[in-house]
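K.L.:
Okay, here's the prediction I keep looking at, along with the sequence it came from:
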Amino acid sequence: MYICIATNNYAMQQLLLNITDNSKIDKLMNLLSTLNYVKVESYTEENIVVSEKEKNIIRDRVKNAKPENFKNWDDVINSFEV
């Protein structure tokens, strides 16, 4: 489950959380719902709408992808400083 959290400050900030332990989702949702400055929107594959234009862009990217341009995902992740 992915949760998008938007704050109502001057500069809106969004966080995307990947919750890997489904047993913890209810507790987290209850906590977040108590915060008056947080709007929680829950997205699942069933309620995300992707336009045909966006689908065609992705299809073109996949069709034109070249294996020599691919990067090892572990190398990409490890290149970020946290």
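P.N.:
Looks like it arrived, so ask away.

K.L.:
give me phi/psi at the spatially most central residue of the chain?
P.N.:
Centroid check for the chain by CA atoms, centre = their mean gives L16 as the closest residue, at 4.5 Å. Main-chain torsions, L16, degrees, to the nearest 10: phi -120, psi 120.

K.L.:
for L17, same thing?
P.N.:
Torsion angles, degrees, to the nearest 10, at L17: phi -110, psi 130.

K.L.:
Dig out what it forms beta bridges with.
P.N.:
I3 (DSSP bridges).

K.L.:
what about the residue of the chain most remote from its centre, distance to E52?
P.N.:
Within the chain, E68 marks the point farthest from the mean C-alpha position, 26.9 Å out by CA atoms, centre = their mean. Per CB to CB, to the nearest Å, E68 is found 30 Å from E52. Every residue, glycine included, has its C-beta placed from N, CA and C.

K.L.:
quick one, helices of this protein?
P.N.:
25-33, 52-64, 73-78 (DSSP state H).

K.L.:
helices or strands up against the first one?
P.N.:
Just to be clear, that refers to helix 25-33. strand 2-7, strand 38-43 (3 or more CB pairs under 8 Å, 6 or more residues apart in numbering; DSSP states H and E).
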